[in-house]
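Novice: Give me a model of this one.
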Amino acid sequence: MEFELWWLLALPVTFGLGWLASRLDLLQLKRDGDNRRGASLAYFRGLNFLLSEQQDKAIDAFIEAVTADPETVDLHFALGNLFRRRGEYERAVRVHQNLLARADLSAAQRQRAQVALAQDFFKAGLLDRAESGYTALTSTAYESEALAALLQIHERTREWSSAIDIAQRLERLAAGSWGRQIAHYRCEIALRQRRDGDLVAALDSLDQAVAADPRAVRPWQLRAVIAQQRGEPLEALNHLRHIATLRPDFTAIVAADLARLYRDTDQLQQGRDWLRSHLQETPAIELLDAVLSLEPDAEERKRLTLQYLQAHKTLLAARRAVEQAEGSARDEPLRAAVAQALDGALANRERYRCAACGFEVRNHTWHCPACMGWDTYPPRRSEELSLSAP
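Specialist: Numbering: from 1, shown residues only. Predicted structure coming up:
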């Protein structure tokens, strides 16, 4: 076979091109490796800053890591979560939206990004967009988390019927008992119906509240309000007395209403006896005030007040003792000065404290405005809870 010269020339050219391609591949691999090493170093620097609570430096390090290796999904999550924690919600949203726009995400990573984006919207106060995001996750592995977040959204927007539906779905998922919350949602609906003048519907909602939580106090308190509105003071009185059979300590928060109803129904002696017996069983300053308001004898009022003060050495009890004390005109300035001093000491202590988060309010409430918990306020004021003698 005749040998052609151009084959001889093609061999070194082919070899040279192959060598050049391999060198380019090695350079690219080295560059990729350097980028990954740079991303890893920046990532670990970010973690170190995060552990030492230097969030500004942590964010700078994570941004450097993402720039060096933009394909790393976990770095984007870390960066987005840091932005959210710092209150930079727009930047967090952009990071998580960019993640969702990627076509190479697995189904699990996409769901995780959707959760993170919904959290961004929720923290930013964009509740409608957060609701849409969480609703899309209710048929995924994040269903319980999404439903719990939707419950918070419906509470904030006061969509009580929707909140009941979500709570019932959580119960069906075996995510705990939600009867207490559902009872409060029913009470909120009853309040709205009462304001609209539909007392029959309001009472039906309260029946459903009791069915959801048989030990709930609030439905009976609201039933008493409606009974008084309908001109039925005896029925209202029975509703409030029923609270003592459910949760005796909560008699304190309706003590003033009980005293007034006993007076309105001409049952002063029965009222004094009933209230005094409960004052012995579940001492509270509100019950003492109710007893004193029905007691006509000044000496008996002083005796009861002194007895309470001796058993419960609190500033509240001392203030009531000063109110009952009688003296000469010469002693009046001293009594007034002591009363003023007690008022000053009580200014920040005559409050109710949330058992879940410690947030204090002046008047008893069923819903904590800080931690959003239901039924977290005990019926006694924080000053009595912390200082009363056993």
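Novice: what stretches of the stretch 201-350 of the chain score poorly on pLDDT?
Specialist: For the stretch 201-350 of the chain, residues meeting the criterion pLDDT under 70 lie at 326-349.
Novice: Run through the helices of it in chain order.
Specialist: For the stretch 201-350 of the chain, applying DSSP state H, counting those that start in this stretch gives helices covering 218-229, 233-246, 255-264, 268-281, 285-294, 298-311, 315-324, 332-346.
Novice: any chance of those helices in CSV, with mean neighbour count too?
Specialist: Quick note: C-beta positions are derived from backbone N, CA and C, even for glycine. CSV is the format used below for those (neighbours: other Cβ atoms under 10 Å):
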stretch, mean neighbour count
helix 218-229, 21
helix 233-246, 18
helix 255-264, 20
helix 268-281, 17
helix 285-294, 22
helix 298-311, 16
helix 315-324, 19
helix 332-346, 13
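Novice: mind giving me a markdown table with the ones you listed and columns for distance to residue 366?
Specialist: Listed next are these as a markdown table, based on distance: least, Cβ to Cβ, whole Å:
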| stretch | distance to residue 366 |
| --- | --- |
| helix 218-229 | 6 |
| helix 233-246 | 13 |
| helix 255-264 | 16 |
| helix 268-281 | 21 |
| helix 285-294 | 16 |
| helix 298-311 | 27 |
| helix 315-324 | 22 |
| helix 332-346 | 24 |
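Novice: my hunch is that residue 141 is in a helix, does that hold up?
Specialist: No - according to DSSP: H, G, I helix; E, B strand; the rest coil, residue 141 belongs to no helix; its state is coil.
Novice: check contacts around it.
Specialist: Each residue near residue 141 by Cβ atoms under 8 Å, 6 or more residues apart in numbering is listed here: 108, 111.
Novice: same deal with residue 301?
Specialist: 292, 295, 324.
Novice: Make a markdown table out of those residues and add distance to residue 318.
Specialist: Below are the contacts of residue 301 laid out as a markdown table (distance: Cβ to Cβ, whole Å):
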| residue | distance to residue 318 |
| --- | --- |
| 292 | 15 |
| 295 | 19 |
| 324 | 11 |
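Novice: quick one on the thing from earlier: which among the helices of the stretch 201-350 of the chain is found nearest to residue 360?
Specialist: helix 332-346 (13.0 Å; Cβ to Cβ).
Novice: which other residues reach the next helix or strand after that closest one?
Specialist: Following helix 332-346 in sequence order, the next helix or strand is strand 352-353 (DSSP states H and E). By Cβ under 8 Å, 6+ apart, the surrounding residues in contact with strand 352-353 are 359-365, 377-378, 380-382, 385.
Novice: Just the buried residues of the helix or strand containing residue 128, please?
Specialist: Element membership for residue 128, per DSSP H and E: helix 127-135. Within helix 127-135, the residues scored as buried using 16 or more other Cβ atoms under 10 Å are 129, 130, 131, 133, 134.
Novice: and the fourth one, what does it touch?
Specialist: Right, residue 133. Taking Cβ under 8 Å, 6+ apart as the test, what residue 133 contacts is 114, 115, 117, 118, 121.
Novice: For residue 359, give me its contacts.
Specialist: 353, 368, 369, 370, 371.
Novice: Including neighbour count, could these go into TSV?
Specialist: Shown next, in TSV, are the contacts of residue 359 (neighbours: other Cβ under 10 Å):
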residue	neighbour count
353	21
368	21
369	10
370	13
371	13
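Novice: what's the farthest-apart pair in those residues?
Specialist: 353 and 369 (13.0 Å).
Novice: circling back to that earlier point, dump the contacts of strand 352-353 to JSON lines, plus secondary structure.
Specialist: Formatted as JSON lines, the contacts of strand 352-353 follow (three-state DSSP):
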{"residue": "359", "secondary structure": "coil"}
{"residue": "360", "secondary structure": "strand"}
{"residue": "361", "secondary structure": "strand"}
{"residue": "362", "secondary structure": "coil"}
{"residue": "363", "secondary structure": "coil"}
{"residue": "364", "secondary structure": "coil"}
{"residue": "365", "secondary structure": "coil"}
{"residue": "377", "secondary structure": "coil"}
{"residue": "378", "secondary structure": "coil"}
{"residue": "380", "secondary structure": "coil"}
{"residue": "381", "secondary structure": "coil"}
{"residue": "382", "secondary structure": "helix"}
{"residue": "385", "secondary structure": "helix"}
